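Undergrad: my questions are about this predicted structure, shown below with the sequence.
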Amino acid sequence: MNIEANKNEDWMKLMLAEVNQQMEKIKLGGGKKTIEKQHERNKLTARERIDYLCDKDQSFVEIGGFAGHNMYEEEGGCAAGGTVAGIGYVAGRQCVIVANDQTVKAGAWFPITGKKNLRMQEIAMENRLPIIYLVDSAGVFLPMQDEIFPDKEHFGRIFRNNARMSAMGITQIAAVMGACVAGGAYLPIMSDETLMVEGNGSIFLAGSYLVKAAIGETIDNETLGGAITHTEISGIADYKFKTEQDCLDHIKKIMSKMAAPASAGFNRIAAKDPIKSINSIYEIIPEGNLKPYDMLEIIERLVDNSEFEQFKQDYGKTILCGYARINGWAVGIVANQRLVCKSKKGEMQIGGVIYNDSADKSARFIMNCNQKKIPLIFLQDVTGFMVGSRSEHSGIIKDGAKMVNAVANSVVPKITIVVGNSYGAGNYAMCGKAYDPRFIFAWPSAKIAVMGGDQAAKTLAQIQVATMKAKGKEVTAEEEKLLLDTIKDRYYKQTTPYYAAARLWVDGIIDPADTRKVITESLIAANQNPNIDSFSTGVFQV
């Protein structure tokens, strides 16, 4: 390993260590004291429930672990958005699991909680995966009810999705292990099967205090809506159990009897490990992502036998397109190339920028993959489309629109990994969150923004300085520098993978060495939806 590779590896692993350190704090939920209280009530935490439920010999890919990160500090924080969720295996069957974290504000729903739960339901619907809800929530976080209650993407959409998933034939299992109140009470009842834990699980539209205030009736919560009430009197729940472990064991029994999943029929053969070591993937991206590097080196550490069949290899060189296999699955890969290279006309092309020819090539390749029903993998490290008179006169907008059109109308599953920069319209063309990737993950080195930090900060600073001068205020060089540094600091915070993951612009921040595994699990999930629409791009300028 040379000195540069050493520096790159140290930089990437330092960022990864910070990600892991932050994640360990998030895993504590509401803190050690609230976890102890949970245990005192003979209750497992959300993470302990998932760990007990999932098959030990299979991967669990957490989704939205950083949801809400640093977003609700005034309210005391909302670790993981108050919900632990992901894709795992129960009795050998891949499924979506969503568990309320009662240690975080009694499992109350913040705005990001609703967004995260809707994202998990979206994953279940797009991939036709069974979904298991482990319910333990006090309902909407009342101080922020206006941001979670009434809108299309708010709390009520959860139950609308319950109904839609049922109609789609997607299995939903709800285990009520704690409170399930008010509107939230509809979720388990709209699921296929409802399980309850005696003594802790309860379902009611209004708790005992509200019942007393509303109609004057005095009653305790257990009698009002406990497991015995709902399995013996109302008939709302299907099973009751003495312990959470018994409840979770029964979910495993239910899952073990399900029919085999349907298949989209994506091509898969026996897997081969990459020839190039996945552990050397840390060495590739230069420190700070400030120098060119060869994206092919990353691809060859992800794909089977390190084999990548390039499409139009000598044309549109700032994007690599080609066919490969990942754990046996046939995939099409679209990846930004960060090397400075020459076009077919002999012109120098800046790495990470999308030119006319690379947009044209990518659009054609994406259409080919749709024609052949081959899933697409996007590896993003893009600073945007090329600007300037030459590009404009050559029709960069037309070629860019062609690529965006192909991505938007693509019907095969799209999986996006943001390995570096993801700026401006390049984010869109390379299948950012707005373009419905089935899954989207970021490396610790990812940056997502409308443009690079330096350009954006200078632009904003110039506007503010010009405004102050127009009002007759003198601005010294020192004041101008302070303003620029302040703007730059704020802007850089908004470009970090933490900021993106907190808002669910990406599903999670992953270890680069886990990329192959995460893509594999994503492809296994995507293959379970057999319904693929016919591909059509509509009208665009050729």
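TA: Thanks, I have the structure now. Everything quoted here is computed from the prediction, not taken from an experiment.
Undergrad: where does the stretch 251-400 of the chain have low pLDDT?
TA: By pLDDT under 70, the low-scoring segments of the stretch 251-400 of the chain are 387, 391, 393-395.
Undergrad: residue farthest from the centroid of the chain?
TA: Computed with CA atoms, centre = their mean, the maximum C-alpha offset from the centroid of the chain is found at residue 472, amounting to 47.8 Å.
Undergrad: please, which helix or strand holds it?
TA: According to DSSP states H and E, residue 472 maps onto no helix or strand at all.
Undergrad: now it. Its backbone dihedrals?
TA: Note on residue 472: its backbone torsions stand at phi 90, psi 10 [degrees, to the nearest 10].
Undergrad: what is the burial count for residue 204?
TA: Using other CB atoms under 10 Å, residue 204 has 22 neighbouring residues. Every C-beta, even on glycine, is put in place using the N, C-alpha and C of the backbone.
Undergrad: adjacent strands (with direction) for whichever strand or helix holds residue 415?
TA: Using DSSP H and E, residue 415 falls within strand 414-423. In the sheet, strand 414-423 lines up against strand 376-382 (parallel), strand 439-442 (parallel), strand 447-449 (parallel) (DSSP bridges).
Undergrad: next SSE after that strand?
TA: Next in sequence after strand 414-423, counting helices and strands by DSSP H and E, comes helix 424-429.
Undergrad: for that following helix, packing partners?
TA: Under the contact criterion of 3 or more CB pairs under 8 Å, 6 or more residues apart in numbering; DSSP states H and E, helix 424-429 touches strand 376-382, strand 384-385, helix 396-409.
Undergrad: give me the contact list for it.
TA: 336, 354, 359, 362, 380, 382-385, 400, 403-404, 407, 434-435, 448, 450-451 (CB atoms under 8 Å, 6 or more residues apart in numbering).
Undergrad: just to revisit the earlier point, now render the strands paired with strand 414-423 as JSON lines, adding mean neighbour count and distance to residue 118.
TA: Shown next, in JSON lines, are the strands paired with strand 414-423 (neighbours: other CB atoms under 10 Å; distance: least, CB to CB, whole Å):
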{"stretch": "strand 376-382", "mean neighbour count": "27", "distance to residue 118": "23"}
{"stretch": "strand 439-442", "mean neighbour count": "26", "distance to residue 118": "15"}
{"stretch": "strand 447-449", "mean neighbour count": "22", "distance to residue 118": "21"}
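Undergrad: need the ones you listed in a markdown table with distance to residue 42, can you?
TA: A markdown table is the format used below for the strands paired with strand 414-423 (distance: least, CB to CB, whole Å):
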| stretch | distance to residue 42 |
| --- | --- |
| strand 376-382 | 45 |
| strand 439-442 | 36 |
| strand 447-449 | 43 |
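Undergrad: so for residue 116, which of the ones you listed sits nearest?
TA: strand 439-442 (14.2 Å; CB to CB).
Undergrad: and what about residue 209, helix, strand or coil?
TA: The local conformation at residue 209, judged by DSSP: H, G, I helix; E, B strand; the rest coil, is helix.
Undergrad: returning to that earlier point: export the helices and strands packed on helix 424-429 to a markdown table and tack on distance to residue 184?
TA: Shown next, in a markdown table, are the helices and strands packed on helix 424-429 (distance: least, CB to CB, whole Å):
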| stretch | distance to residue 184 |
| --- | --- |
| strand 376-382 | 36 |
| strand 384-385 | 43 |
| helix 396-409 | 35 |
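Undergrad: and of these, who's closest to residue 465?
TA: Between the helices and strands packed on helix 424-429, strand 384-385 lies closest to residue 465; by CB to CB that is 24.9 Å.
Undergrad: how far away is residue 526 from residue 299?
TA: 20 Å (CB to CB, to the nearest Å).
Undergrad: cool, and residue 230?
TA: Counting by CB to CB, the gap from residue 230 to residue 299 is 53 Å.
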